[in-house]
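Trainee: take a look and give me a structure for this.
(one chain, ligands or ions: 1)
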Amino acid sequence: MATIDRPHRRPARALLACALTVLLAPATACSSGSSGSAARDQPSTSVSSTTTATTRIGGPNVIIDTDFSRWWDDVTVIGLANVLHDEGAMRVLGMMTDIPNPVAVAAVDAINTAYGHGDIALGAVANSDADTSPHGYSDTLVKRLPHSVRSSADVPDAVTLYRRLLADAPNKSVVIVAVGAYTNLAGLLASPAADGVPSGRELVTQKVKRLVVMDGVFPGGWEAVTNQKLDLDAAAAVVAGTADAPAWPTPIAWIDGYDGIATRVGGKLCEQTPARNPMRIAYEDLFECGPPGDGNWDAPALLYAIGDVPKVFEVLGRGGAAVINDKGGLSWQKPSSRPDDYYVHLADQQGLNRRIDQLLATDADGNG
Ligand SMILES: [Ca+2]
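Mentor: Numbering: from 1, shown residues only. From the prediction side, this is the model:
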């Protein structure tokens, strides 16, 4: 099992890789301790022969919430959403950034514009002008590609945009794909009724079909990693609720750490795509056209969320739900009072990787 060992990896990301290394190979030492409990309930490794993407017209209405700035998979989820929108497999309602990098939305706009979708609604997390998160590839994308959004000052705050998009959506029609911090989700839940629009909790209950979250190491659990660590209080509000309000009110599907560590994709972008391709620009910035230097957790989350290549995924844990464990991380508790939650593992890693690579190499004209 590969580990994420690039020197610039942030501790939480490295901790996730460490957790997975221990769970998949229990004899491996890890400075954060070890747990063998999750290894007893590994997903099936059976391989499906059917990995062709399903074809549909329209697809679900999707909002993406991303910690876009530094990680390869956040770039890919934006690129894939553009291609899948054009394929009719999904409809992008909006994209939210959830870490304090004011340039993040400008870079997302640059990618969308490159695919011909510069009109996609964008929202930025409150206080993104604090500018306290590393910019990573966002500066490179903004420098290399045309864009009309200059910074988070040019877009609404994410909670305001969530409320607007949900208010306009049909009931139970929206899938939220959360591949970053929980900050915007918690803010949405806590938002009061205003201007004739119901409270955030009511809006979510009425309009959201499912929340798909990338986080956790299920079922055994681990201490807080990656996305949860970006905003622990917000994560707790979504997963467990607060003293004043219950947890997220719709079904939740969890794409966990197991789903990304071997999802190594994009390795042929520098051969297959022109220099202006936004996926290639980010790949070059991160990996200098060498092999993929990181796994990819966010692209699987999007593909699962919209029902693309469904046979590569396996649904587990029904009847249970994610909880905050005694280490402050996420574990799976069963039984649960949440009947519609589950987590998703992979049944066909190679089929997943092939589909993502195909989508990454597809350009704005649908050629790939
Ligand atoms: Ca992410």
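
Trainee: and for the residue lying closest to Phe68 once chain neighbours are set aside, the neighbour number?
Mentor: Taking CB to CB, 6 or more residues apart in numbering as the measure, Phe68 lies nearest to Asp74, with 4.3 Å between them; neighbours along the chain are not counted. Bear in mind the C-beta positions are built from the backbone N, C-alpha and C, glycine included. Asp74 has 30 neighbours, counted by other CB atoms under 10 Å.

Trainee: ok, Asp74 - contacts?
Mentor: Counting by CB atoms under 8 Å, 6 or more residues apart in numbering, Asp74 makes contact with Thr66, Asp67, Phe68, Val179, Gly180, Asp298.

Trainee: possible to save these as TSV with neighbour count, secondary structure and pLDDT?
Mentor: Below are the contacts of Asp74 laid out as TSV (neighbours: other CB atoms under 10 Å; DSSP: H, G, I helix; E, B strand; the rest coil; pLDDT from 0 to 100):
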residue	neighbour count	secondary structure	pLDDT
Thr66	28	strand	98
Asp67	25	coil	98
Phe68	33	coil	98
Val179	30	strand	98
Gly180	31	coil	98
Asp298	31	helix	98
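
Trainee: from the chain's centroid, how far away is the lengthiest helix in the chain?
Mentor: Longest helix in the chain by number of residues (criterion: DSSP state H): helix 72-87. Using CA atoms, centre = their mean, to the nearest Å, we find the averaged C-alpha position of helix 72-87 to lie 11 Å away from the chain's own average C-alpha position.

Trainee: those residues of the stretch 251-368 of the chain touching the ion, which are they?
Mentor: Proximity of the stretch 251-368 of the chain to the ion is assessed by CB under 5 Å from the ion, with Asp298 identified as the residues in range.

Trainee: format the contacts of Asp74 as TSV; extra columns: distance to Asn112.
Mentor: Formatted as TSV, these follow (distance: CB to CB, whole Å):
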residue	distance to Asn112
Thr66	12
Asp67	17
Phe68	12
Val179	16
Gly180	17
Asp298	16
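
Trainee: is the helix or strand just after the longest helix of the chain up against the ion anywhere?
Mentor: Past helix 72-87, heading to the C-terminal end, the next element that is a helix or strand (DSSP states H and E) is strand 91-97. No: Strand 91-97 lies apart from the ion when judged by CB under 5 Å from the ion; the minimum separation is 10.3 Å.

Trainee: and the contacts of stretch 312-325?
Mentor: With CB under 8 Å, 6+ apart as the contact definition, stretch 312-325 has outside contacts at 41, 43-44, 48, 51, 216, 218-219, 221, 236, 239-240, 252-254, 300, 303-304, 330-339, 341-349, 351-352, 355.

Trainee: check which residues of it are buried.
Mentor: Buried residues in stretch 312-325, defined by neighbour count with 16 or more other CB atoms under 10 Å: Val312, Phe313, Glu314, Leu316, Gly317, Gly320, Ala321, Ala322, Val323, Ile324, Asn325.

Trainee: looking at the sheet around the fourth one, what are its partners?
Mentor: Right, the one you point to is Leu316. Tyr343 (DSSP bridges).

Trainee: state the pLDDT value of it.
Mentor: At Leu316 the predicted local distance difference test score is 98.

Trainee: circling back to that earlier point, okay, and which of the contacts of stretch 312-325 map to helices?
Mentor: Using DSSP H, Ala236, Val239, Pro300, Leu303, Tyr304, Gln349, Gly351, Leu352, Arg355 are the members of the contacts of stretch 312-325 that sit in helices.

Trainee: widest-spaced pair of those residues?
Mentor: Checking those against each other with CB to CB, the farthest-apart pair comes out as Ala236 and Gly351, at 35.2 Å.

Trainee: circling back to that earlier point, from the ones in helices among the contacts of stretch 312-325, which is closest to the ion?
Mentor: Closest approach to the ion among the ones in helices among the contacts of stretch 312-325 (CB to the ion): Pro300, at 11.5 Å.

Trainee: quick check: that closest one touching Thr263?
Mentor: Yes: look at Pro300 against Thr263 with CB atoms under 8 Å: they come within range, at 6.0 Å.

Trainee: where exactly do the helices run in the stretch 101-250 of the chain?
Mentor: Counting by DSSP state H, counting those that start in this stretch, the stretch 101-250 of the chain forms helices over residues 104-114, 138-144, 158-168, 183-190, 200-207, 226-230, 232-239, given from the N-terminal end onward.

Trainee: is there proximity between the second one and the ion?
Mentor: No: judged by CB under 5 Å from the ion, helix 138-144 and the ion are separated, with a smallest distance of 12.9 Å.

Trainee: buried residues, that helix. List them.
Mentor: Taking 16+ other CB under 10 Å as the neighbour-count basis, helix 138-144 is seen to contain the buried residues Ser138, Asp139, Thr140, Leu141, Val142, Arg144.

Trainee: ok, the spatially closest residue to Ile111 that is not a sequence neighbour - contacts?
Mentor: Leaving aside its chain neighbours, Ile111 sits nearest to Pro278 (4.4 Å; criterion: CB to CB, 6+ apart). Each residue near Pro278 by CB under 8 Å, 6+ apart is listed here: Val75, Gly79, Ala110, Ile111, Ala114, Tyr115, Leu141, Leu145.

Trainee: for PyMOL, what selects the buried ones among those residues?
Mentor: Selection of buried members from the contacts of Pro278 for PyMOL, criterion 16+ other CB under 10 Å:
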select buried, resi 75+79+110+111+114+115+141+145
